[in-house]
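# Build me a structure from this.
(chains A and B)
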Amino acid sequence: MATGNDRFKGYRGVGKAVLERFDVGVWSDVQIESTKGSFRGLILPRSETSDDQHIVLKLASGYNVGLAAQSITSMTERGRREANYRIPEKEFPRDAKKPNVILLGTGGTIASRLDYRTGAVIPAFSPGELYGSVPELAEICNLRTEKLFGVFSENMGPVQYIALAKRIGEAIAEGVDGVVIGHGTDTMHHTAAILSFMVQDSPVPIVMVGSQRSSDRPSSDAAINLCSAVKAAAEGEIAEVMVCMFGPTSDQYCLLHRGTRVRKMHSSYRSTFRTIGDVPLAMISREHITPLRHDYRRRRSDRHVKVNTAFEEKVTILYYYPNMHPDLVDAIVEKGYRGIIIAGTGLGHLNRPLYPAIERAAKKGVHMYMTVQTLWGYVQMYVYETGREIMGLGVVPAANMLPEVAYVKLCWALGQTDDPEEVKRIMLTPVCDEITEREPYNGYLIYQGAIPEVQDFLRKIKR
Amino acid sequence: MGVVFKPFESMTPEDYAALGLRSGLEIHQQLRTRRKLFCRCPAGRYSGEYDAEILRHMRPTLSEMGEYDGTALMEKKTRKNIYYRIHHDTVCTYEFDDTPPFFVDEEALDIALEIALLLRLNMVSELHIARKQYLDGSIPTGFQRTTIVGVDGWIPYQDRKIRIIQLGLEEDACREVSDVGHDRVYLTDRLGMPLVETVTYPDMRTPQEVAEVAQVLRRLTRSTGRVRTGYGAAREDVNVSITGGTRIEIKGVPQIWRIPRLVYNEARRQYSLLALREELKGRGITPETLQATHQDVTRVVAKVRYEPIQQALAAGQRVRCTVLKGCAGLLGWETQEHTSFVKELSDRVRVIACLTRLPNIVHSDSATEALAARDWQMLRKRTQAEPNDALVLVWGSEADAHCACEEIILRVREATQGIPSDTRQALEDGTNGFERVLPGAQRMYPDTDLPPMAVPEERVERVRRQLPPFVWDTEAALRRLGLPEDVVIPLCLSPRRKLFDRLVNELKTDPVLAGVVLIQRFKAWRRAGLRPERLGDEEVYEVFKAYREGRLGRQGIVWVLARMLQAPETDADAAGRSAHALADLPSEPVGAKEVRARVEAAVAAVGTAPFASRARQHRYLMGRLMRGFGGAVNGMELARVLEEHLERATALEGQARAR
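Okay, here's the model as predicted:
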């Protein structure tokens, strides 16, 4: 029998006292008498974030209900039954003719299970579990998995970036045909961007993947995303750092996005990842990988890859808004920040009262780069006088680099040197399209609903 | 072939007792709320039109207890493409699972609490939202969000109690448009509508009892005046088992009167299937000894003159033959009225192998000559089948035909074991067909998107204080008031019930008058194409008040209400409308003198115009006078005065003529 805290998993205060008083615990099958009538069921663990006033019971029908602990007058244990939440594990089959892919786990909801402690889902992950839940993977490759960390994507940081980059380098040296990285979706584009800089000239595809609907729901996008990512890693010709996620609203295909041009654009849609200011690399369905462009780095048979894990943490993004006060900039400098990515308005603007603070920062040797908060389009600081003035203060325009991409790139650049000219050279020399020379006419498409031709399109085409 | 079973009409309660019939109900009732249950979309707007379509696939997932659900695995086998039709006005990104749920609609929760209290349930103090898996695609998330409000209650029925297992508050599913082959299409307008599900214990003993209890429960929920009515707003699932049988769920019965025959046929099906198991056992066929194989016979049947097969061959499909060893003669085993065991095979092939075009199988026990005897001989030879083996042919794509044969064998194996746990669909003729494997508790999973929600004692008490009386008590009370039976039941369930009480209690209106106007009159207007629901309770109250004050006669009530109904839809607000309709009424009751004066004037004005009869003359003058008074006088009183007057006039005329 479970003892101590385990026996009262998640219960505290009034709830725990009631369980103790009647000598029952989590997973006890109990008959309860209360001022609200009789109840029969299995006591479930309680989420730590819930109140301490209720006992959770699983009824025979499978439903859970909460009973006010105060109302309980007696509890009698009639048996015990512990939940054993495990994805059926099956050994992942090996086929010498199939490519070898390594799946590096960082957390996220690619495969997940219920966590009673928080009442939310937590990731579960092993080749056996993955094969048990997505057996189609075995038709594509031989899969090896390695759990590097188990963190939610908002907790990813330099320590994880560096470890991940190094491990990718090693895996490539070991001879894998492709690398897949399971990642939470919230900051996937930050990680994709930094990996694009830290791991260069890879001979094999490096594909990041996640899911917007956890795999504990039948409508999850986890399986289609994972299958597509593994396919891109195993069979794809594009050897770059990429994000592979759900394409349209319907379950039809995934899109491969270049790691430096992709961004999460909706808090909950599956099709949240979009290539910004350009077109995606490819579409992937169950049967085909269809490239949408041809200017990508091809797969090679050699094992050469450049790994450079430099990283300076004292960099920030300053999201400008009208009426921003200069003391904010001063505070950043005072706190020892060495780099600031400004997300300016329009073509890359700030208000005049900020100028002195910008000037002070420049004098202190803070590296400042201008990006646009419109996300689409280039910084163009010559059009208006404001822009020229700001450049005069020492802010460098960063073309059409996305703010988050510019942020991780500046971290990476400052990790290598402090020389302003060298930093500028690194920042403005594109590694993999974080700056592009031209924006294609179809790189900016945000259709507006209710317009007849758009409605017509939606009616005919399953998005 | 089969067992003898009495026809529906001849069955007695004793017959059902001998079968050990037990039946329970799950009643789904939509609630009348402004919004859907977990998002802010408007509730109750239906339209077949759509702006866009999206495609989804479903995958089975594990239950909280770490198990897969049988239904989920079955749906996985079917490999369906599921299309959702979306209309801008009725659906947001929540319904198709691209936005997490919002908190439970408070209005819906209050109604559910009210119904739970009426069912005398033990109330839950904290709601836990569960996900109930539905992999048929009827909900884009693949699960229905549902929560238990109370457990273990009862309602009175005859001289006993029918026990209630639980009341759930849940979101409604999509409406199916079509299901052909591997493509299933749904309309999403109904999706997410709040409904309550009342589940009873299997306490009913005859088919008629099931229908009667369904009526009681329907009236109970409707007595709140806060549930939706109309086709599809309430749907019944019926659970049936007999001794030695299995609990079978017949889903989605849209009308209560259909229940008895459905229950009868299911009892009969279970009885027959148990007898079939004995017959199989007698032939030495058990789960262990059953022998069955299937093989491709596309080339063998190339010259068969059976149109479905010819068409399949022309379309490049495959034909497979299943050989069921020792089963000859059993496929025609009668299971329900006009239905035999082969239907169970055909249903599985249709649902699971997605061979939806019927007929989808043909078999060697068939009495029809779909295939010539010589064709069967050829097939027997080719498959090395013996005369006591049964043969079943299916056609379709390679994968579907293969899946179909496997399902046929699976179903026959189940027949050697007993009655498989199915969810079955109610058919028009009172029989039922396979819909899916009956889901179990394994399909429940806690919803991780929403935290548990406490239902404070004060909230329950607030609802309890406003609880309507039990519907059976109300019915008895209305009968005591002398209301006719065809008014009692509808009035009990009418949203105008509270208005009725106010008319009777506050205005001392004659209950029969109030009941007849609110129920029969309104019904007649509805039939005539008017929309009495346009009239607000306050407007109607004002009209009755005018009657009470003597400013309006008995007929005048109907007259004024009709005028209000005939006012254009775009007319002013409700208050304005009633004010307008009542404006012409005198502020004081019309005096007897005034009535007499107007009658005299009217009679004089018409003069001695030729009427075919006195009755006609009377009717014409009544109409003219009532219009003139704007309904402001009591019609009976007016009729009496008019009659007197005419009488006198006739007498005078007679005297004059005699002279």
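
# C-alpha from now on. contacts and neighbour counts both.
OK.

# where along the stretch 351-500 of chain B do the strands fall?
Secondary structure of the stretch 351-500 of chain B (DSSP state E, counting those that start in this stretch): strands located at B:361-363, B:390-396, B:422-426, B:432-437, B:444-446, B:453-454.

# can you put the ones you listed in CSV and add mean pLDDT, mean neighbour count and distance to chain A?
Listed next are those as CSV, based on pLDDT from 0 to 100; neighbours: other C-alpha atoms under 10 Å in any protein chain shown; distance: least, C-alpha to the nearest C-alpha, whole Å:
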stretch, mean pLDDT, mean neighbour count, distance to chain A
strand B:361-363, 95, 22, 31
strand B:390-396, 96, 25, 23
strand B:422-426, 94, 22, 16
strand B:432-437, 91, 20, 17
strand B:444-446, 82, 25, 6
strand B:453-454, 96, 16, 8
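
# Can you say which of those is nearest to A:G336?
strand B:453-454 (45.9 Å; C-alpha to C-alpha).

# and the longest strand seen in chain A, which strands flank it?
As assigned by DSSP state E, the longest strand anywhere in chain A is strand A:72-80. Paired strands of strand A:72-80, with direction, are strand A:28-34 (antiparallel) (DSSP bridges).

# which outside residues touch the longest strand of chain A?
A:18, A:22, A:24, A:27-35, A:42 (C-alpha atoms under 8 Å, 6 or more residues apart in numbering or on different chains).

# What are the buried residues along that strand?
Residues of strand A:72-80 classed as buried: A:I72, A:S74, A:M75, A:E77 (neighbour count, 16 or more other C-alpha atoms under 10 Å in any protein chain shown).

# For the very next helix or strand once past it, name the packing helices and strands.
Where DSSP states H and E defines the elements, the next helix or strand beyond strand A:72-80 is strand A:100-105. Strand A:100-105 sits against strand A:142-147, strand A:178-182, helix A:222-235, with contacts defined as 3 or more C-alpha pairs under 8 Å, 6 or more residues apart in numbering or on different chains; DSSP states H and E.

# Could you identify which of the ones you listed is most buried?
strand A:178-182 (a mean of 29; mean count of other C-alpha atoms under 10 Å in any protein chain shown).

# and the direction of that one versus that of strand A:142-147, what angle?
In terms of direction (axes from the mean of the first three to the mean of the last three C-alpha atoms, to 10 degrees), strand A:178-182 departs from strand A:142-147 by 40 degrees.

# chain center to strand A:178-182: distance?
Computed by C-alpha atoms, centre = their mean, to the nearest Å, the separation of strand A:178-182 from the middle of its chain amounts to 13 Å.

# got a list of contacts for that strand?
A:100-108, A:110, A:168, A:171-172, A:204-210, A:229-230, A:233-234.

# Average pLDDT for it, rounded please.
Taken as a whole, strand A:178-182 carries a mean pLDDT of 95.

# Would you list the buried entries among the contacts of strand A:178-182?
A:100-108, A:110, A:168, A:171-172, A:204-210, A:229-230, A:233-234.

# quick check: domain ranges of chain B?
Domain assignment for chain B, taken from automatic domain parsing, gives B:26-241, B:281-420, B:469-582, B:592-658.

# what's the average pLDDT for the shortest one?
Spelled out, that is domain B:592-658. According to the model, domain B:592-658 has a mean pLDDT of 78.

# Near B:S364, how many other residues are there?
25 (other C-alpha atoms under 10 Å in any protein chain shown).

# Name the next helix or strand following the lowest-mean-pLDDT helix or strand in chain A along the chain.
Taking mean pLDDT, DSSP states H and E as the measure, the helix or strand of chain A with the lowest value is strand A:121-123, at a mean of 52. The helix or strand immediately downstream of strand A:121-123 is helix A:127-133, counting by DSSP H and E.

# Show me what that following helix is packed against.
By 3+ C-alpha pairs under 8 Å, 6+ apart, helix A:127-133 packs against strand A:142-147.

# Pairing partners for the strand it packs on, with directions?
Strand A:142-147 has these strand partners (DSSP bridges): strand A:100-105 (parallel).

# The strand it pairs with vs helix A:222-235, what angle?
Using the same axes, to 10 degrees: strand A:100-105 against helix A:222-235 is 140 degrees.

# on that earlier part again, which members of the contacts of strand A:72-80 are the farthest-apart pair?
A:W27 and A:T35 (22.9 Å).

# Compare the two and say which is more crowded by neighbours.
More crowded of A:W27 and A:T35, by other C-alpha under 10 Å: A:W27, with 23 against 12.

# hang on, isn't the more buried one packed against A:G41?
No: taking contacts as C-alpha atoms under 8 Å, A:W27 lies outside contact range of A:G41: 9.4 Å.

# for the top helix by length along chain A, the distance to its chain's centre please.
Secondary structure of chain A read by DSSP state H shows that its longest helix is helix A:158-174. In this view, helix A:158-174 has its centroid 17 Å away from the chain centroid, taken as C-alpha atoms, centre = their mean.

# in that helix, what counts as buried?
A:P158, A:Q160, A:Y161, A:I162, A:L164, A:A165, A:K166, A:R167, A:I168, A:G169, A:A171, A:I172.

# ok, now stretch A:259-268?
Neighbour counts using 16+ other C-alpha under 10 Å place A:G259, A:T260, A:R261, A:V262, A:R263, A:K264, A:S268 of stretch A:259-268 among the buried residues.

# mind listing the helices for chain A?
Going by DSSP H, chain A shows helices at A:4-7, A:13-21, A:127-133, A:158-174, A:188-198, A:222-235, A:326-334, A:355-363, A:385-392, A:403-414, A:420-428, A:452-460.
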